[in-house]
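Peer 1: Sequence and predicted structure are below.
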Amino acid sequence: MSQQERFDQFAALHVPGDPVVLFNVWDVGSARAVETAGAKALATGSHSVAEANGYSDGEETPLGFVVENAARIVKGVEIPVSIDFEAGYGDTPEIAAESLTQLAETGIVGVNIEDGLFGKGIRSVDNQAVRLKALAAVRSSSGAEVWINARTDLFLQSKPEDHGTFVSEAVERGAAYAEAGARSFFIPGLADLDLISKVCESSELPVNVMATGKGPSVAEFASAGVGRVSFGGYPWHKAMKNLADTALGVMGGA
């Protein structure tokens, strides 16, 4: 299957009300485990990749490692793979596009691109739209597109009780990101189903939410009109907790 064919397969999975479920992975082993469980596509989580390899999140993982890790995952599985590319690995839109061009050569079908500044606020809508437009223009040497999942950090950087006041801005950002070439709109941190439904109703793009393992469920997200559900760092933390608990049992003589 060609890279463009995998892209088309990935695109078709984004159905509002019947979301694609991305149980985030961090290496070939975790990717194969999730693929075996019946996943239709895979996505990495930058936090998980960083922590699994001794780095901190926030583009502290070297670009070369991110590219190499992506290449190994793509080669190790049969289903489409999307990569959490944080803010795009570039101070300017042009540098970010160059970084994405390297990543596109690995055979990935998509990336997650955030508008947050690593805990130091959020890029302006216009600034982020320019970056997304540059990234959306990237093609692999085979001519394959890259699915841009445009993430806003509005809800991650605000208190849950204040989330309702940011819905209008989120919808505006989603519209601007869509015009810039994004294919889906990611709103991590928002868990209120009524508010999620409002975003979905107003968004021309499939909406991506982040599950935490504590609710809402995938079925509940689907009922709100979501088109994509990812799990961020939850799979990594759960796997490490299970490993630690098992090791503790062995060390304790269990």
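Peer 2: Yep, that arrived.
Peer 1: Please enumerate the strands of the stretch 1-150 of the chain.
Peer 2: Listed in chain order, the strands of the stretch 1-150 of the chain (DSSP state E, counting those that start in this stretch) span 20-22, 42-43, 81-84, 110-114, 147-151.
Peer 1: Tell me the strands beside the second one, with direction?
Peer 2: The one in question is strand 42-43. strand 81-84 (parallel) (DSSP bridges).
Peer 1: Can you give me the buried ones in the partner strand?
Peer 2: By 16 or more other C-beta atoms under 10 Å, the buried positions in strand 81-84 come out as 81-84. Yep, even glycine has a C-beta here, placed from its N, CA and C like the rest.
Peer 1: Quick check: the farthest pair among the residues you listed?
Peer 2: Val81 and Asp84 (11.0 Å; C-beta to C-beta).
Peer 1: Need the residues touching each of the two.
Peer 2: Listed as contacting both Val81 and Asp84 by C-beta atoms under 8 Å, 6 or more residues apart in numbering are 43-44.
Peer 1: picking up where we left off before, looking at the strands of the stretch 1-150 of the chain, which is nearest to Met240?
Peer 2: strand 81-84 (17.8 Å).
Peer 1: follow-up on the earlier one: export the strands of the stretch 1-150 of the chain to JSON lines and tack on distance to Ala12 and mean pLDDT?
Peer 2: Formatted as JSON lines, these follow (distance: least, C-beta to C-beta, whole Å; pLDDT from 0 to 100):
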{"stretch": "strand 20-22", "distance to Ala12": "9", "mean pLDDT": "98"}
{"stretch": "strand 42-43", "distance to Ala12": "16", "mean pLDDT": "98"}
{"stretch": "strand 81-84", "distance to Ala12": "14", "mean pLDDT": "98"}
{"stretch": "strand 110-114", "distance to Ala12": "13", "mean pLDDT": "98"}
{"stretch": "strand 147-151", "distance to Ala12": "11", "mean pLDDT": "98"}
